[in-house]
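Asks: task: produce atomic coordinates for the following.
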Amino acid sequence: MVTAIIKIALFLCSTSAISSDISLQGPLKVKVTPNSPTSATENIRFAPDPRGQNGIITSDEGIDKWRIVSKLGNQLLDWPLTLTLDANTYGFEPNTQDSAVAITMRGFCELTSECDAFFSVSIGNKYFSFATDFDGAITTGNQLGIQIYPACQTQLATGDPTNFLSSVTPGSAMNMWYGLRSVLAGGDRNNWDVIKTTSTHNGENFPVTFELVNNDIDDSFIVRFGSPKFRKGQIQCKYNGAVDTNAEIKMFMTNDWPNNADETIVIRSFVINGNRYRRSEDEDVIINNANLVQYKHAKTKDGVNINDKIVMEGIVLIMLLIIIGFIVKRYYFDNSEIKRLGQETSPLLINVQ
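Replies: Numbering: from 1, shown residues only. Reported below is the predicted structural model:
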């Protein structure tokens, strides 16, 4: 029993210590909403919509949101939302093994039976594209599931996604559906790669978080995706080759270009470098991944994260108290009970000759 308790304590301590591996770049928990003032470090572009479909709506509580409508046969040939993070503030650090930035998107779908989203994320002149469902299924034509381009274990693509959508030739709804998937995957929709997990669909789950980790020493780059369904980093893709350090980061987002029904996504906010995952709609959110609970500004002299140290010391203290309690019960109370019973029953013992 005591051995088992000690093993549990050591496991919990080692799990907590994992968080010291990642260093988040820039300030923590920065929220960008339609009401956010213009900033040089976090900037959002809400594209003009000549169709008159997209707009900012206000809830009964007075909270503004971006409402993005993808009309069947009438697409906006532009990224509806583009988030830009300043290079000097959020750019990955040089000569660093694990330098990270996390971006969380909070929102909901007006019609959950038809709701998917596509992203492209660029760091300097490198980028990747990402496709996820919010309705239980997504396909790029021949493949089902959450997908990424380029394929994992290869290299990031080179280019600027800014004008990808405007380059699609207008046509039928079906042709536009194929066009979106092709232009985001290097010109061929067959280039998409399904990220293998136990379940390849996100379902009706918001918020979603992208964690970008650059390793300038090992020359690699990792993309992690999280949501209420994927809380422990099951969605992960590693690339060969690190990205430029101190480079601007951009996230481009659009809902799907449908081939059978309109799709509408409402975005409440983007949160940069949140520090915990919560489902509550009135809280800043991010995936509860041990790799994201790193506060690089709060370390002890020996380099150990202060928050980790407090957690580890608390766990060890609790386990020690449990062990002491078990020992006291085993060797004091149980022995006292045996002695008491022995004293009560001894007069009844008769030695028959």
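Asks: run a quick neighbour tally on A242.
Replies: For A242, the number of neighbouring residues by other C-beta atoms under 10 Å comes to 22. C-betas here are computed from N, CA, C, even on glycine.
Asks: thought it was touching V213?
Replies: No. With contacts defined as C-beta atoms under 8 Å, A242 does not count as touching V213, sitting 9.9 Å away.
Asks: which stretches in the stretch 151-300 of the chain count as strands?
Replies: Assigned by DSSP state E, counting those that start in this stretch, the strands in the stretch 151-300 of the chain fall at 157-158, 193-194, 208-215, 220-226, 235-240, 249-255, 263-272.
Asks: got the CA coordinates for the fourth one in PDB?
Replies: The C-alpha coordinates for strand 220-226 follow below in PDB (Å, rounded to 0.1, in the frame of the first residue of the first chain):
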ATOM      1  CA  SER A 220      11.800  21.300 -36.100                       C
ATOM      2  CA  PHE A 221       8.300  22.800 -35.800                       C
ATOM      3  CA  ILE A 222       5.200  21.300 -34.100                       C
ATOM      4  CA  VAL A 223       1.500  22.200 -34.600                       C
ATOM      5  CA  ARG A 224      -0.900  21.100 -31.800                       C
ATOM      6  CA  PHE A 225      -4.700  21.400 -32.000                       C
ATOM      7  CA  GLY A 226      -6.900  21.300 -28.900                       C
END
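Asks: packing partners for that strand?
Replies: Helices and strands touching strand 220-226, by 3 or more C-beta pairs under 8 Å, 6 or more residues apart in numbering; DSSP states H and E, are strand 126-133, strand 208-215, strand 235-240.
Asks: any common contacting residues for A242 and V213?
Replies: F221 (C-beta atoms under 8 Å, 6 or more residues apart in numbering).
Asks: residue contacts, G171?
Replies: G171 neighbours (C-beta under 8 Å, 6+ apart): G179.
Asks: buried sites along stretch 71-85?
Replies: Going by neighbour count (16 or more other C-beta atoms under 10 Å), the buried part of stretch 71-85 is 71-72, 75-85.
Asks: pass me the low-pLDDT residue ranges in the stretch 151-300 of the chain, would you?
Replies: Within the stretch 151-300 of the chain, the segments meeting pLDDT under 70 span 198, 232-233, 275-300.
Asks: change it to 50
Replies: Residue ranges of the stretch 151-300 of the chain with pLDDT under 50: 275-300.
Asks: which one of the buried residues of stretch 71-85 is nearest E114?
Replies: Here the nearest of these to E114, counting by C-beta to C-beta, is L72; it sits at 9.8 Å.
Asks: look up how far I315 lies from the closest one.
Replies: Distance from L72 to I315, counting by C-beta to C-beta, to the nearest Å: 54 Å.
Asks: restricted to helices, list the buried residues of stretch 71-85.
Replies: Judged by DSSP state H, helices contain none of the buried residues of stretch 71-85.
Asks: what's the most distant pair in these?
Replies: Maximum distance among the buried residues of stretch 71-85 (C-beta to C-beta): 33.3 Å, for L72 and L85.
Asks: reformat the helices and strands packed on strand 220-226 as CSV; add mean neighbour count.
Replies: Formatted as CSV, the helices and strands packed on strand 220-226 follow (neighbours: other C-beta atoms under 10 Å):
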stretch, mean neighbour count
strand 126-133, 23
strand 208-215, 23
strand 235-240, 19
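Asks: can you lay out the ones you listed as TSV showing distance to T89?
Replies: Formatted as TSV, these follow (distance: least, C-beta to C-beta, whole Å):
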stretch	distance to T89
strand 126-133	19
strand 208-215	14
strand 235-240	24
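Asks: distance to R231 added to the buried residues of stretch 71-85, as a markdown table?
Replies: Formatted as a markdown table, the buried residues of stretch 71-85 follow (distance: C-beta to C-beta, whole Å):
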| residue | distance to R231 |
| --- | --- |
| K71 | 34 |
| L72 | 34 |
| Q75 | 33 |
| L76 | 33 |
| L77 | 36 |
| D78 | 33 |
| W79 | 28 |
| P80 | 28 |
| L81 | 25 |
| T82 | 28 |
| L83 | 23 |
| T84 | 28 |
| L85 | 24 |
